[in-house]
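Enquirer: 3D, please:
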Amino acid sequence: MYNRWLVPGFLLGICLRGDAFFGPALSFFAVSYVLFRLRLAGGGDGKIAALLAGYLGVDAGLKAVGAGMLTGIVCSLYYYRQEKGFYIRLDLLAAWFWQMIHLRKITECGSLSVKNRENTIPLAACMAVGTYLYLFVSFVL
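Expert: Alright, predicted model coming up:
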């Protein structure tokens, strides 16, 4: 995702929420940066999560991003079930966890890296869908 597309969103969020925008946005960006450094998420995904949290606040932002992550999980499971690669990816993920435990340090995901674009899902789109679902459900209830 191009940064220039996010700048108007951040500027509008700052205008609408003032100083209340910065706390949630920076906290979500910090967590997303760690995920980005581990190659578990893309850089744009973290910026989208920070933008959502800045607009909605920490509590609602956490629920909206969580709903987006759940949407991403469902999309991933569907994708890997169709591709018959689900168990292979689970084995790779388990190997990565064991490697971190044995080395006693956090390493990047290697073959689970987001550099391999053919095996990734559009997490920003999933977060958008999850946010819409969260807002719809909270509006109805």
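
Enquirer: For stretch 89-108, what does the pLDDT average out to?
Expert: For stretch 89-108, the mean per-residue pLDDT is 76.

Enquirer: Give me the number of neighbouring residues for Phe10.
Expert: Look at Phe10: counted by other Cβ atoms under 10 Å, it has 17 neighbours. For glycine as for every other residue, the C-beta is placed from the backbone atoms N, C-alpha and C.

Enquirer: And for Gly9?
Expert: Neighbour tally, Gly9, other Cβ under 10 Å: 16.

Enquirer: And for Gly42?
Expert: 20.

Enquirer: Got phi/psi on it?
Expert: With angles defined as degrees, to the nearest 10, Gly42 sits at phi -80, psi 160.

Enquirer: quick one: it from Leu6, how far?
Expert: Separation of Gly42 from Leu6 (Cβ to Cβ, to the nearest Å): 13 Å.

Enquirer: so who does Leu51 touch?
Expert: Contacts of Leu51 were listed using Cβ atoms under 8 Å, 6 or more residues apart in numbering, and they are Leu6, Gly9, Phe10, Gly13, Ala25.

Enquirer: Let's verify it: helix, strand, or coil?
Expert: The local conformation at Leu51, judged by DSSP: H, G, I helix; E, B strand; the rest coil, is helix.

Enquirer: returning to that earlier point: return the subset of the contacts of Leu51 lying in helices.
Expert: Judged by DSSP state H, the contacts of Leu51 include Leu6, Gly9, Phe10, Gly13, Ala25 as members of helices.
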